[in-house]
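1. Coordinates only, no sequence provided:
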């Protein structure tokens, strides 16, 4: 089990209902073209990996991830270990705002639209 978040770029902010549909298409179906490719997403993903690293066998105990972060030019999905949620989510929210990507929390069905 993990606490999952998804990030993508939006010109027009989606509603929570629309964001849930987007998330389901991205996460469960692995569909491409659901959201637009954007350099903001790539920069966001690079900074997430720079900040927390990827998940490897060597850093399992230190990593905040329950699975390696997944990113494309369209979206990023992270799976955070529950023990690290309070620490990691605020940082990811700040990075999302910095890179102007939206953050979707499927557990609570909330979308946060970021504007730097």
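-> Sure thing, it's come through. As the structure is a prediction and not an experimental result, all values here were calculated from the model. Numbering: from 1, shown residues only.

2. Quick check: residue 52 touching residue 68?
-> No. Between residue 52 and residue 68 there is no contact under Cβ atoms under 8 Å: 10.5 Å. (C-beta placed from N, C-alpha, C; glycine too.)

3. and these two? which has more neighbours close in?
-> residue 52 (21 against 14; other Cβ atoms under 10 Å).

4. ok, now which ones touch that one?
-> When contacts are counted by Cβ atoms under 8 Å, 6 or more residues apart in numbering, residue 52 is found next to 63-65, 69, 88.

5. quick one, strands of the chain?
-> 3-8, 65-71, 75-80, 102-105, 110-112 (DSSP state E).

6. pLDDT (mean, whole number) over the fourth one?
-> The predicted model gives strand 102-105 an average pLDDT of 97.

7. Which parts of it count as buried, going by neighbours?
-> For strand 102-105, a neighbour-count test (16 or more other Cβ atoms under 10 Å) marks 102-105 as buried.

8. how about the helices in this protein?
-> Ranges of helices in the chain, per DSSP state H, are 16-27, 39-52, 85-99.

9. Kindly reformat the ones you listed as JSON lines containing mean pLDDT and distance to residue 79.
-> Below are those laid out as JSON lines (pLDDT from 0 to 100; distance: least, Cβ to Cβ, whole Å):
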{"stretch": "helix 16-27", "mean pLDDT": "93", "distance to residue 79": "10"}
{"stretch": "helix 39-52", "mean pLDDT": "96", "distance to residue 79": "12"}
{"stretch": "helix 85-99", "mean pLDDT": "96", "distance to residue 79": "11"}
